[in-house]
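can you look at this prediction? I've put the sequence above it.
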Amino acid sequence: MAAPGRPAAALPAGLEPAELPADAIEVGRIADAWGIKGWFKVLSHSADPEALYSSKRWYLQPAEKGAKTFSGTLLLKIREAKDHSGTVVASAQEVEDRNAAEALRGARVFVPRSSFPTAGTDEYYWVDLIGLAVVNREGVELGTVRELISTGPQTVLVIGYEADGKPQERMVPFVSAYVDGVDMAGKRITVDWQPDY
């Protein structure tokens, strides 16, 4: 619902309904309009938003909560995405002015995993680690990566497992002192960690 005295923003003409790609990953959401020429701010879900910068085709879905200005999935053709004072700002072909950018507020942004830049040696996208089995050097299964969290200086694997029929979790720092290797093909991470830590 629009604020009193403020008309509801109309969706930009030319936005195309689209199918969400099978490998789509949610990478952020549109926070608000930025300036008067159709640019908008994006809140990235990652501290390193390279996927937003590299992909020229973003797929939008309405916000999970709050006002919804559209339904389904829309394709947004990105002209430019860049860093501005620690925030991602972007412009799209179909978004010509501030009103059009405001209409996208809250939209969830997805990009195909296939459009992510290639990770360097010993670099991994978090999304690729989720679901991998974790075993220690002795071959004891410790569980499955449920999520990763950043604690500032390091990333931590949150590993889910069951004990006595109840879901449990353990946390292992994702640093070379504890992680011996990541086998993406084998869907497995080997760690120097004991089950009773």
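Alright, I've got the coordinates. None of these values were measured; they are calculated from a predicted model. Residues are numbered from 1 along each chain as shown.

which residues does the residue positioned nearest the centre of the chain contact?
Nearest to the geometric centre of the chain sits V27, at 2.6 Å (CA atoms, centre = their mean). Applying CB atoms under 8 Å, 6 or more residues apart in numbering to V27 gives the contacts 44-46, 49, 51-52, 109-111. Any C-beta I mention is one placed from the backbone N, CA and C, and that applies to glycine too.

would you turn those residues into a markdown table with neighbour count, distance to V191 and secondary structure?
Supplementary listing: the contacts of V27 in a markdown table, determined by neighbours: other CB atoms under 10 Å; distance: CB to CB, whole Å; DSSP: H, G, I helix; E, B strand; the rest coil:
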| residue | neighbour count | distance to V191 | secondary structure |
| --- | --- | --- | --- |
| S44 | 18 | 28 | strand |
| H45 | 17 | 25 | coil |
| S46 | 16 | 23 | coil |
| P49 | 18 | 28 | coil |
| A51 | 25 | 27 | helix |
| L52 | 22 | 31 | helix |
| V109 | 27 | 33 | strand |
| F110 | 22 | 31 | strand |
| V111 | 23 | 30 | strand |
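
what is the nearest of the residues you listed to N136?
Looking at the contacts of V27 and their distance to N136, the nearest is S46, at 28.5 Å (CB to CB).
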